[in-house]
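K.L.:
When you get a sec, could you give me coordinates for this:
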Amino acid sequence: MPKRRPLPDTRKGVTHSVIIHDASGDMTVHIRVGFYDQPQGKIGEVFIEVGKAGSTLNGLLDVVGRLCSYALQYGVPLAELAPKLVGHRFPPAGTTSNPQIPECSSLIDYVFRWLVLEFGEATA
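P.N.:
Sure thing, here's the model as predicted:
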């Protein structure tokens, strides 16, 4: 049976914010990543926030983050998750404020491309 490895109660984290310029306007996205102590820097949780609390899009992104977090805590490497989620096309999409990822085909595309770029655990 797979066994979940929860994160410690106190952990280090990173917050990343980006603006996605879509045809309908600008959207600010916040990505929060939590880490295990050992092995150093291993990702154990991902939170994604946009817009108002309670909005449909924010709720759906919260679910994606929770599912990603549970998969990581059950030992699924980011290298397995990212290729399945990078490249999906749906709005909002467009240019971004991040020069390393100047365009994205969806919010999910951006999030997982950024995770790969920042933490180098996969190629996408």
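
K.L.:
Measure how buried T56 is and give me the count.
P.N.:
T56 has 8 neighbours, counted by other Cβ atoms under 10 Å. From N, CA and C alone the C-beta is placed, and that goes for glycine too.

K.L.:
Contact partners for it?
P.N.:
T56 makes no contacts at all, as judged by Cβ atoms under 8 Å, 6 or more residues apart in numbering.

K.L.:
does V29 count as helix, strand or coil?
P.N.:
When the structure is reduced to helix, strand and coil (DSSP: H, G, I helix; E, B strand; the rest coil), V29 reads as strand.

K.L.:
R32 - that's part of a strand, no?
P.N.:
Yes: judged by three-state DSSP, R32 forms part of a strand.

K.L.:
Go ahead and confirm it touches F47.
P.N.:
Yes: with contact defined as Cβ atoms under 8 Å, R32 and F47 form a contacting pair (4.2 Å).

K.L.:
quick one, which of these two is more surrounded?
P.N.:
F47 (18 against 15).

K.L.:
Show me where this structure has its strands.
P.N.:
Using DSSP state E, the strands of the chain run over residues 13-22, 25-35, 43-50, 94-96, 103-104.

K.L.:
For the fourth one, could you pull out the residues that count as buried?
P.N.:
So that's strand 94-96. 94, 96 (16 or more other Cβ atoms under 10 Å).

K.L.:
Off-centre distance for it?
P.N.:
Centre-to-centre, strand 94-96 and its host chain are 16 Å apart (Cα atoms, centre = their mean, to the nearest Å).

K.L.:
Okay, L115 and F90: tell me how far apart.
P.N.:
Relative to F90, L115 is positioned 19 Å away (criterion: Cβ to Cβ, to the nearest Å).

K.L.:
neighbour count winner among these two?
P.N.:
L115 (24 against 10).

K.L.:
Please tell me I have it right and the more buried one contacts E45.
P.N.:
No: contact criterion Cβ under 8 Å: L115 and E45 do not qualify, at 11.7 Å.

K.L.:
overlap in contacts of the two?
P.N.:
Joint contacts of L115 and E45 (Cβ under 8 Å, 6+ apart) are V33.
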